[in-house]
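A.B. asks: What follows is a predicted structure for the sequence shown.
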Amino acid sequence: MEDISGVTVYTMPSCPWCEKVKEFLKKSKIEFQERNVIGDLDARREAFEKSGQRGVPVLDIDGTIIVGYKVERIQEALKMVQMSQKMYDLVAIGGGVAGIAAAIYAGRFMMKSVLVAESLGGTIISTDDIANYPGFSQITGLDLIKRFQDHLADYDLEVVERKVTRIEKCEKGCFKVFMGEEYFHTKAIVLATGTDWKKLEIPGEDKFAGRGVHYCALCDGAFYQDKVVGVVGGSDSAAKEALLLSDYAKKVYIIYRGEKIRPEPINLKRVEANEKIEVINETNVLEIKGEDFVSSVILDRPFQGLNELDLSALFVDIGHFPLSDLARDVGAELNEKGEVKIDREAKTNVQGLFAAGDVVNTSFKQAITGVAEGVTAAYSAYVYVNENEVICPCDDEEEF
């Protein structure tokens, strides 16, 4: 690491950990300012105000405060500062298949790029059975993501597992992608933030989260061996959740508000042939009850003469909502569902902002379609960066 300014170390002469910090920075060829808190009252005051602690060493790495000799945290902070001093061609936001595919193709196009995601994988890692992904007649979501990550490693690009908190569009056409107070400059963005599970928003749902209320059968189904469980929802995804749960539970109820569930034909046949699964149509769950764990749910119409159904767990699969707040904040146009509007080239109405995957306004959402959109978005970003003069950093900042 090199060319990093803005590093201050607050020390005292008798502190061995202070010496280790200074030695580490020197070996890393990082220039720093040392402030002795014993001989400098202002330094002592600054160190306390920044860290909230009366102890040293305290490091201020361009605004990131680290107390003590913590090598991994120091390395991460230095790396973030170094990366923030670069101008990227592309930042891909999102760790699912669309975001990773965009990053892979950005690497193929030799763009200076970084993939930023709170965690790699996306919602697909909770999918037990992905059928008909070209090249794989059947594969789990976790295995597919591992293959994507292995492929990603073939290219020279950065991967940062941090949550993006906001995006700003600069006057000269570039963007700032913030992770808290730290940010990257980039000429273009591919937004592939995906979706999150919808909730029932009924009494007991939050109270029993993780204690009988779940959103992923693959993750949590094994806890309910020989128990009676329920699945709320009528989609293909809900049917697959019920089929997976039937491997563990002795009884699985699918509770659906519509006249009949609507999975793909092959999964409908599997549900109908499974003696453990029973469908309760035209019914809503009104409340989830229990003491320490879920024991029953209240239905809005009687089932077998009762409005209360005994269950050990309720798995909620009623769809997803798009994680499009970042797009909205930067002025991207959304539809009535909150999905980001794109054209066939994955362009939004904001110059330099492209989007892909479950967060966009396509009607057919599959892993393969998300991958295709991610690749298209990366190509469109490549064309945009090469055909437009995007100047950064912004006027209010020193040129790097």
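C.D. replies: Arrived safely. Computed from a predicted structure; not experimentally measured.
A.B. asks: for the helix or strand containing A327, packing partners?
C.D. replies: Element membership for A327 (DSSP states H and E) is helix 325-329. Using 3 or more C-beta pairs under 8 Å, 6 or more residues apart in numbering; DSSP states H and E as the contact criterion, the elements in contact with helix 325-329 are strand 166-169. In this view, the C-beta of every residue, glycine as well, is placed from N, C-alpha and C.
A.B. asks: The strand it packs on: partners in the sheet, and parallel or antiparallel?
C.D. replies: strand 175-179 (antiparallel) (DSSP bridges).
A.B. asks: Past the strand it pairs with, which element shows up next along the chain?
C.D. replies: Proceeding C-terminally, strand 175-179 gives way to strand 182-191 as the next helix or strand, assigned by DSSP H and E.
A.B. asks: show me what contacts V360?
C.D. replies: V360 is in contact with 322, 339-342, 346, 373, counting by C-beta atoms under 8 Å, 6 or more residues apart in numbering.
A.B. asks: Let me fix that, I meant to ask about T186.
C.D. replies: Contact criterion C-beta under 8 Å, 6+ apart gives 87-91, 114, 174-175, 177, 392 as the residues in contact with T186.
A.B. asks: try L200
C.D. replies: Counted by C-beta under 8 Å, 6+ apart, L200 has contacts 232, 285, 316, 318.
A.B. asks: Among those, which pair sits farthest apart?
C.D. replies: Distance extremes for these: the farthest pair is V285 and I318 at 10.0 Å, using C-beta to C-beta.
A.B. asks: Looking at the two, which one has more neighbours?
C.D. replies: With other C-beta atoms under 10 Å as the criterion, V285 and I318 differ in neighbour count, and V285 comes out ahead with 23 against 19.
A.B. asks: measure the more buried one to I277 for me?
C.D. replies: Per C-beta to C-beta, to the nearest Å, V285 is found 17 Å from I277.
A.B. asks: can you check C216 too?
C.D. replies: For C216 relative to I277 (C-beta to C-beta), the value is 18 Å.
A.B. asks: again, but for D329
C.D. replies: As judged by C-beta to C-beta, D329 and I277 stand 43 Å apart.
A.B. asks: Neighbour count for the two, which is higher?
C.D. replies: I277 (20 against 13).
A.B. asks: just checking, the more buried one touches D247?
C.D. replies: No - with contact defined as C-beta atoms under 8 Å, I277 does not count as touching D247 (11.3 Å).
A.B. asks: before we move on, back to that, now, which of the contacts of L200 lie within strands?
C.D. replies: Counting by DSSP state E, the contacts of L200 place 232, 285, 316 in strands.
A.B. asks: So which of these is the closest to G52?
C.D. replies: If you rank those by distance to G52 using C-beta to C-beta, V316 comes first, at 40.0 Å.
A.B. asks: beta partners for the closest one?
C.D. replies: Beta-bridge pairing of V316 under DSSP bridges involves V232.
A.B. asks: So it sits against I202, correct?
C.D. replies: No - under the criterion of C-beta under 8 Å, V316 lies out of contact with I202, with a separation of 9.8 Å.
A.B. asks: quick one, what contacts I61?
C.D. replies: By C-beta under 8 Å, 6+ apart, the contact list for I61 reads 6-7, 74, 77-78, 81.
A.B. asks: Let me fix that, I meant to ask about G233.
C.D. replies: Contacts were defined as C-beta under 8 Å, 6+ apart; by that measure G233 touches 241, 254, 256, 316-319.
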